[in-house]
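Q: Prediction below, plus the sequence it came from.
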Protein chains: 4
Amino acid sequence: MIRAAVAGASGYAGGEILRLLLAHPGLEVGAVTAGSSAGGLLGGVHPHLTPLAGRKLEPTTPEVLAGHDVVFLALPHGHSAALAAALPDDVVVVDCGADFRLESGSAWTTFYDTPHAGSWPYGLPELPLPAGGRQRELLAGGTRIAVPGCYPTAVTLALAPAVGSGTVSLDDVVVVAASGTSGAGKSLKPHLLGAEVMGSMSPYGVGGGHRHTPEIEQNLSRAAGAPVTVSFTPTLAPMPRGILATCTARLVDGVTAEQVRDVYENAYGTEPFVHVLPEGQWPGTANVLGSNTAHLQLAVDEHARRLVVVAAVDNLTKGTAGAAVQCANLALGLDEGLGLPLTGVAP
Amino acid sequence: MIRAAVAGASGYAGGEILRLLLAHPGLEVGAVTAGSSAGGLLGGVHPHLTPLAGRKLEPTTPEVLAGHDVVFLALPHGHSAALAAALPDDVVVVDCGADFRLESGSAWTTFYDTPHAGSWPYGLPELPLPAGGRQRELLAGGTRIAVPGCYPTAVTLALAPAVGSGTVSLDDVVVVAASGTSGAGKSLKPHLLGAEVMGSMSPYGVGGGHRHTPEIEQNLSRAAGAPVTVSFTPTLAPMPRGILATCTARLVDGVTAEQVRDVYENAYGTEPFVHVLPEGQWPGTANVLGSNTAHLQLAVDEHARRLVVVAAVDNLTKGTAGAAVQCANLALGLDEGLGLPLTGVAP
Amino acid sequence: MIRAAVAGASGYAGGEILRLLLAHPGLEVGAVTAGSSAGGLLGGVHPHLTPLAGRKLEPTTPEVLAGHDVVFLALPHGHSAALAAALPDDVVVVDCGADFRLESGSAWTTFYDTPHAGSWPYGLPELPLPAGGRQRELLAGGTRIAVPGCYPTAVTLALAPAVGSGTVSLDDVVVVAASGTSGAGKSLKPHLLGAEVMGSMSPYGVGGGHRHTPEIEQNLSRAAGAPVTVSFTPTLAPMPRGILATCTARLVDGVTAEQVRDVYENAYGTEPFVHVLPEGQWPGTANVLGSNTAHLQLAVDEHARRLVVVAAVDNLTKGTAGAAVQCANLALGLDEGLGLPLTGVAP
Amino acid sequence: MIRAAVAGASGYAGGEILRLLLAHPGLEVGAVTAGSSAGGLLGGVHPHLTPLAGRKLEPTTPEVLAGHDVVFLALPHGHSAALAAALPDDVVVVDCGADFRLESGSAWTTFYDTPHAGSWPYGLPELPLPAGGRQRELLAGGTRIAVPGCYPTAVTLALAPAVGSGTVSLDDVVVVAASGTSGAGKSLKPHLLGAEVMGSMSPYGVGGGHRHTPEIEQNLSRAAGAPVTVSFTPTLAPMPRGILATCTARLVDGVTAEQVRDVYENAYGTEPFVHVLPEGQWPGTANVLGSNTAHLQLAVDEHARRLVVVAAVDNLTKGTAGAAVQCANLALGLDEGLGLPLTGVAP
C-alpha cells in the first residue's frame, strides 16, 4: 500500500483530503500533522472523520513526514516552500497552498508578503496544453505539483475552451463567483460567524483585489496563447461549500451558439470530471457537493452578444482536495480517478 | 385616516405590504383580498402578521376594493390591467406586477403572453429625469404607479449614476445578481423546495432570457439618454430574502476612481433610501433585510479598466412593497418616507 | 424627549436595542458605548443601523453614560454590577445581562465565577404574581430591572400557566429548545463559524449544565408557588435568530385538553405580546423574527399523558432587546408597547 | 455482479440508494423506475448522480423489476405491498416505506388509511434481540426486509441500551427531534418552500400525532421486554438533511452516570455504524452527512434525575438508504458494511 501523509490536517482542506483518502483503495493514511492543534485527537477537530477519531495529530515537521510515498500539504499560504525543501526529491509532494501556483514573481509579490518560491507543474489535469494534449501529461510521474485554487479551477474549466478557440474576445471577460464560506478556511473572523453569514450575500476583494485573479489570467492566457484580462468579483454565499462561477465574455462576430456548444463538447466529451449538462439544464452547487465533478452549462446571449458559461464545483473537493488526490494518482501512476467520487451528496 | 386595500394579499409581496402598513402612521388597512385563498384567515397564510391573524381574506373584485383611497395590487403578472380599469380614476392604484412597467410593447410581448396594457409612471423615485430632477416629481399627486421589479431596482440604483455621467461605456455592461428565493414567489415548484435550495447556488434565465432585462435597459437608457445594452444573469441564493447585484461596466478612458466616487456621492448624498457605504465597506443583503434601504459600494478595477458597483436591497421591501408604500406616500402627498424602516434586521 | 444610552452597543443585544430605539417615538438615542470597539464607528460593527452609521462608539464609563434618563446595559455577564453601582439611583437602568436575574446566590455561584450581585425586579411583565396580578406591576416606575434570558423567556411563557394552574406535575418537566446562533453572541469560536453551523443541529450544555436552568426553575417555581424541577437541553440551530422551545410536562390525572386550553386563553387573552395560535397551527420562529411577539401552541398527548407546549420567540427581540424596551416603557411610565413591533419579518 | 433495481427512484430516498449503489463494489444498478417521472432521464430529477445522468426512468411495474437479485422499494407509504407480492420469493426485496414495519395492525390503522399489509423482519441490524444477539441475525439470508423510518432509527439507537438495561423508567420517556426538510420528501407543499423553511424552526405532528411514534415504541418495547411509552415531538429544521434526536428518560434511583456509560459502550463498542463520542463531545448532524454512521452522546442530569441521550444520523443515509443497503448486504451474504461510507461530508 502507498502511504500518504497530510500536513495541515486540522484545516478544512486537510480534513477533506483525509475524507477522500479513507475511501481510496490505493492510498493509506500515514502521518497526520497540524500546527497549534498538534497533540490533540483528530476527532476533536474533524468529528466527521469517524474512523480516524482516535488518531493523534503530530507536529508538522520533516521528521514526522519522512517515510511516506506522498505528502499532501494543506498549509496556510507561504508555509509550503520551506517544508517542501526539506522533503526528499523522490517523494511526491502535492501542495494545496498558493506557494507554487504563479509563474510570475511580480504577480506573487503583489498579493503575498512572502518571497516567491517559484512554480511547480500546475495541477489541473484537464487544462489544454498550448501545443495540444492536456496538462495531465506534465503531471504523470512527477513529484511536485501545485494544486489550483478553488475559484481558478471553476473559472478556468468554464472559460478555457472559449478563449482557446477564438470564439470570444480576450480583453472583455467578466466573472462573478459565489463561494461557500468554507472557502475562507477556519479563521476566526467576525464576518464568518454563522449569525453573520446565514441569510446574507456579500462581495469581497472587489476591484482586482483578489489573489486568485492572476492565477485565473495565467491559466486562461495559456489556454488562449495570448494575454487574457479578467474582471473578477468573488462573493460569499450562505452555504458551507460550493462555488458557482458565472463567466461571461464578448462573443466574436459571427460565432453561433452551436459552434460554441461544439467547442465545449469537444473539450470535455471524454473528461471524467467535467460534465457539460444537457442544453437548458443549469448547474447547482449542491449537485456537486462532496464530489470531484464540475458541472458546466453555457448560453449565448444574442442580445448582448456575450457568451455566458456557468460552472459549479465543490471548493473543497474538485476545488482543492479532490484535485490533490487526482494529481497524486497521476504522479503515482495510478488510475487518475481512483478513489474520487463522481456523485454529489444531494439534496 | 387614509384607507388602503391590498389585492393579492396572500402572496409574499402582499404580505410585505401589509407588514409595512401595520407600522404606517398615516395609512389604515382596509380590504385584504386573495384568489384561491379567499374565505380563509390571513393568519393562516401569513402567521407573522399577528395583529391581522383573524382578518378574513375577501375575493379580489372591484366591489370589495371600492371605497379605499389607495389600492395596492400584488397580483400575478398579467392580472392587474383588468382590475385597474375597474377602479375609479381618482383612487391611487399602485401596481407591484409587471403589467405597466414597460414602455415598449414589443419588449413586453417577448417575455409575457398577455397583451401589453400600456405603461404607468415608473415607481422609482430616485431615478434621475433626463431633463434634471428625479422621478419622484412625476409620482407626486398621481393616481397610477408601476412599482419596479426587484432586480431592476437594485441594478438601476447601482448603475444609473455611472451611465448618466458618461463614465462608462453603454454597450459593455455586465450584471450578475443573486436573489433570495422569496423572489420567485410562493409557487410550488420542485426547485424551490427547501431541501433543494439550502446549500445551493444556481443560475436561471441565462442568456438574455430573464424578463427583467428589458426593464433594466429601459431604466438605464433613460438615465443615459442613449441606448444601454445589458448582459444580465440572475442566480438563486440559499436565503429567503435579499438581492445582491454585482454590476460592472467598462470605464471610459481617463476616468478615475475619485471621479466615479464623486458621481455617486452627488447622486445619492441626499437620498434617504440609498446609502453609499464608506470606502472599503461592502454591502451584505442581511444588512438591509426588512428595510427600504439600498446599500451601495463601488470600486474601480484599474487592471481590467472596469467599474464594479454592488448593490444590496431586500427584494420584498425596497424591491417591492417598500417601494410601493414610498410611491403611495408620494401620490397621497404624505412624507415620502412615512412608515418605511431605514434599518435592517440583522444579524 | 427621553434620552437613552446603550452600553455594550457593539454586540448583538446592543445592536438590537438600537434598532428598536430608532423606531421608538418616545426615546432618543444618546451615548452609544463599547469596550474594545470604542473609538470606531457604529456603521463598522452594525451596518444594518444605517441612520447611525456615522455615530462614534464611546468607551463604557459612568461619565459617558451620565445625563441620560435610561441606560441599557448589554454587557458580558458579570460586568453590569460595577457599572450600575456608579449610575445615579434615579436613572432607569435596564440590564440585559444575567447579573441581577437570580435570587439565589448559590445558584449564581454554580454557573458564574463572579460574586453574586443580588437581584433586581425581573423584567418579564407577563409573569403572573403569586398573589395575583402580573409582574409588570413591580416594574412600573422602578429604576432597576433585570431582563430575562432568551431561553427562560420562551420556556416561562410556555409553561407558567400550566404549572400555575395545577394541570401538570411539577417534578416531570422536560424542555428541549433550539436557538439561532446569535444567541451565542459575537464570540469568535470555531463551532460558531458559518461553515460549521449551516446545515447542522447540535446540543450543548446537556445534563443540567446550562446557566439558564436555575432561571427557568426560579420563574416556574414562582408561578407554581412550589418548587419546579426542569430537565433542559438547548440545541444550536442553523439560523441567525429565533428560539423554538418544546416544553412538556406530565398531565395531572383527569385534566382534559379543553381545560388546558382554557387556562392558556385566560392567561394570555389580553397580553399584547403573547399570541396563542388557533388550534392546530404551530409556531415557527420565522414568524416572530424581529418582533416582540411570542407565538404559543399546545397539545395534549393522551397516549403519553403529557402536555406539550411550544413557544417561538426571537431571542434578540422578545428574548432580549424588545423585553428591555418593554421594561423601560413601564419604568418610564410610557405605554408598555410603545415602539415595539408586533409583526415578524417573514418569509 | 449482483443486479439491483430501484423502484421509486425519482424521490429523495431512491436517489440516495442510487448514490450508494454507484459506490458499491458488489452491486450493480439495474432498472431504475418511477411513477409520473417515468420516461424522463434520471439526470433531470437527480442531477447529482452524474454517472447516471442519461439513464431513462422506466415505469414501476413487476415486469420492469423482474430479473434482478435485489429490488429496493422507495415508494410512497401504502404502495409497497402490492408490488412486493408480484415479485418472486427468492428476490431480495428491501422496502424503505412504512408498509411492513409495524407488527400491530391497529397501530397501522390509526396512522395510515390503507389496509395493514403485515410485517417483515425489521431492518435495524444493531437492535438487540430479546433473547440475546442482534437483529442482523434475523436479516442474514432473508428476502424481505422493512427498513426503519428515519426518526425511529435515531431514537431507537439512542434509547435501546437504556430501556434494555433497566437504567431508566419505561413510562417517562420524552423525545424531541429535529429533522432536515428532505425528511418530508419532494412533496410540493407551501410550508416546505425554501423561503418558508430557511431561518425557521417549527414543530409538527405534536401530541402523539406522528406516524413514527408506534414504530419507536415497538422497537423500545422489544428492547426493554416490556411496554415503553414515548412522548415524541418532531420539528422541522432549516437544513436539507440530518436528524438530531434529543431523548430523555427518568433515571432509576441509584443508577450512576458511569453505569450508564458502561451500558452504552458495551452496547455499541463493536458496532461499525454506531459511534459513542468521547465524553463531553456532542453530536452534530453535519458530521454524519451522507454517511451511514450514527453519532451518540449521553449525560446524566443529576438535578432532574434524567438520562439525556442525543443521536445524530443522516435521515437519508443511515436513516433510509444506507440502512437499506446495509440490510441488502446482510440478505445477500455480503460484508454488512460493503459500499457504505463511514465518514460524513463536513463542513
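A: Sure, I can see it.

Q: and the helix or strand containing residue A:324, how far from the chain's centre?
A: Using DSSP states H and E, the element containing residue A:324 is helix A:322-332. In terms of Cα atoms, centre = their mean, to the nearest Å, the centre of helix A:322-332 is set 12 Å apart from its chain centre.

Q: Mind giving me the packing neighbours of it?
A: helix A:12-22, strand A:70-73, strand A:92-95, helix A:136-139, strand A:144-146 (3 or more Cβ pairs under 8 Å, 6 or more residues apart in numbering or on different chains; DSSP states H and E). Heads up, the C-betas are built off the backbone N, CA and C, glycines and all.

Q: switch to 7 Å and redo it
A: If you count contacts as 3 or more Cβ pairs under 7 Å, 6 or more residues apart in numbering or on different chains; DSSP states H and E, helix A:322-332 packs onto helix A:12-22, strand A:70-73, strand A:92-95, helix A:136-139.

Q: Tell me which of these sits nearest to residue A:284.
A: Proximity to residue A:284, assessed across the helices and strands packed on helix A:322-332 by Cβ to Cβ, is greatest for helix A:12-22 (20.0 Å).

Q: Can that closest one be said to contact chain D?
A: Yes: contact of helix A:12-22 with chain D is found when judged by Cβ under 7 Å from any Cβ of the partner chain, involving A:12, A:19, A:22.

Q: Please name every helix or strand in contact with that helix.
A: On a contact count with 3+ Cβ pairs under 7 Å, 6+ apart, helix A:12-22 meets strand A:2-7, strand A:27-34, helix A:322-332.

Q: Any chance you could list what contacts it?
A: Applying Cβ atoms under 7 Å, 6 or more residues apart in numbering or on different chains, the contact partners of helix A:12-22 are A:4, A:6, A:8-9, A:27, A:29, A:32, A:46, A:49, A:51-52, A:72, A:74, A:96, A:182, A:185-186, A:316-317, A:320-322, A:324-325, A:339-340, D:343, D:347.

Q: ok so, going back, deepest-packed of the helices and strands packed on helix A:12-22, please.
A: Of all those, helix A:322-332 has the most neighbours on average by mean count of other Cβ atoms under 10 Å in any protein chain shown, namely a mean of 27.

Q: okay, the angle between it and strand A:2-7?
A: If you take axes from the mean of the first three to the mean of the last three Cα atoms, to 10 degrees, helix A:322-332 sits at 140 degrees to strand A:2-7.

Q: picking that back up, switch the helices and strands packed on helix A:322-332 over to JSON lines; also include distance to residue B:257.
A: What follows is the helices and strands packed on helix A:322-332, written out as JSON lines (distance: least, Cβ to Cβ, whole Å):
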{"stretch": "helix A:12-22", "distance to residue B:257": "35"}
{"stretch": "strand A:70-73", "distance to residue B:257": "38"}
{"stretch": "strand A:92-95", "distance to residue B:257": "36"}
{"stretch": "helix A:136-139", "distance to residue B:257": "40"}
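
Q: and of those, who's closest to residue A:206?
A: Once those are compared by Cβ to Cβ, helix A:12-22 is nearest, at 23.9 Å.

Q: Return the set of buried residues in the closest one.
A: Within helix A:12-22, the residues that count as buried by 16 or more other Cβ atoms under 10 Å in any protein chain shown are A:12-22.

Q: Report the mean per-residue pLDDT for that helix.
A: Average pLDDT, helix A:12-22: 98.

Q: again, but for stretch A:40-50
A: 98.

Q: and it, how far apart are its ends?
A: End-to-end distance for stretch A:40-50, by Cα to Cα, to the nearest Å: 15 Å.

Q: how about it against chain D, any contact?
A: Yes: contact of stretch A:40-50 with chain D (Cβ under 7 Å from any Cβ) involves A:43, A:47-50.

Q: Neighbours of residue A:265, how many?
A: Residue A:265 has 11 neighbouring residues, counting by other Cβ atoms under 10 Å in any protein chain shown.

Q: Check whether it sits in a helix, strand or coil.
A: Assigned with DSSP: H, G, I helix; E, B strand; the rest coil, residue A:265 falls in the helix class.

Q: List the contacts of residue A:194.
A: Here residue A:194 is in contact with C:181, C:192-194, C:197-198 (criterion: Cβ under 7 Å, 6+ apart).

Q: List just the nearest of those residues to chain B.
A: residue C:198 (7.2 Å; Cβ to the nearest Cβ).

Q: Tell me, how many residues neighbour the closest one?
A: There are 27 residues near residue C:198, going by other Cβ under 10 Å.

Q: Which pLDDT does the model give it?
A: So residue C:198 comes in at 97 (pLDDT).

Q: Next one: residue A:206, what pLDDT does it get?
A: Looking at residue A:206, the pLDDT reads 92.

Q: can you pull the contacts of the closest residue to it other than its chain neighbours?
A: The shortest distance from residue A:206 to any non-neighbouring residue, by Cβ to Cβ, 6 or more residues apart in numbering or on different chains, is to residue B:299 (4.6 Å). Applying Cβ under 7 Å, 6+ apart, we find residue B:299 in contact with A:206-207, B:308.

Q: Paired strands for the host helix or strand of residue B:299, with orientation please.
A: Element membership for residue B:299 (DSSP H and E) is strand B:294-301. Applying DSSP bridges, strand B:294-301 is found paired with strand B:274-276 (parallel), strand B:306-313 (antiparallel).

Q: got the buried residues for it?
A: Applying a neighbour-count criterion of 16+ other Cβ under 10 Å, one finds B:294-301 buried in strand B:294-301.

Q: quick check, distance from it to the centre of its chain.
A: The answer for strand B:294-301 is 19 Å, by Cα atoms, centre = their mean.

Q: Reformat the helices and strands packed on helix A:12-22 into a markdown table and put mean pLDDT next to each item.
A: Below are the helices and strands packed on helix A:12-22 laid out as a markdown table (pLDDT from 0 to 100):
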| stretch | mean pLDDT |
| --- | --- |
| strand A:2-7 | 98 |
| strand A:27-34 | 98 |
| helix A:322-332 | 98 |
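
Q: Would you mind measuring from the residue of chain A most remote from its centre to chain D?
A: Computed with Cα atoms, centre = their mean, the residue of chain A farthest from its C-alpha average is residue A:254, at 33.7 Å. Distance, residue A:254 to chain D, by Cβ to the nearest Cβ, to the nearest Å: 32 Å.

Q: check contacts around residue A:244.
A: Under the criterion of Cβ under 7 Å, 6+ apart, the contact list for residue A:244 reads A:177-178, A:283, A:285, A:310, A:312, B:201-202, B:235.

Q: so it sits in a helix?
A: No: Residue A:244: not assigned to a helix; according to three-state DSSP it is strand.

Q: now it, which residues is it bridged with?
A: Where residue A:244 sits in a bridge, its partners, by DSSP bridges, are residue A:178, residue A:312.

Q: Per-residue pLDDT of residue A:219, please?
A: If you check residue A:219, the pLDDT there is 98.

Q: and it, helix, strand or coil?
A: Residue A:219 is classified as helix under three-state DSSP.

Q: For the closest residue to it other than its chain neighbours, give me the pLDDT.
A: In space, and not counting its chain neighbours, residue A:219 is closest to residue A:156: 4.2 Å by Cβ to Cβ, 6+ apart. With respect to pLDDT, residue A:156 scores 98.

Q: what's near enough to touch residue A:156?
A: Counted by Cβ under 7 Å, 6+ apart, residue A:156 has contacts A:124, A:127, A:216, A:219-220.

Q: Quick one: neighbours of residue A:227, just the number.
A: With other Cβ under 10 Å as criterion, residue A:227 counts 10.

Q: Is it in contact with residue A:220, as I believe?
A: No: at 9.0 Å, residue A:227 does not count as touching residue A:220 under the criterion of Cβ atoms under 7 Å.

Q: returning to that earlier point: could the buried residues of helix A:12-22 be laid out in a markdown table, adding distance to residue C:109?
A: Converted to a markdown table, these look like this (distance: Cβ to Cβ, whole Å):
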| residue | distance to residue C:109 |
| --- | --- |
| A:12 | 40 |
| A:13 | 44 |
| A:14 | 42 |
| A:15 | 40 |
| A:16 | 45 |
| A:17 | 47 |
| A:18 | 43 |
| A:19 | 44 |
| A:20 | 49 |
| A:21 | 49 |
| A:22 | 46 |
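
Q: Many thanks, we can stop here.
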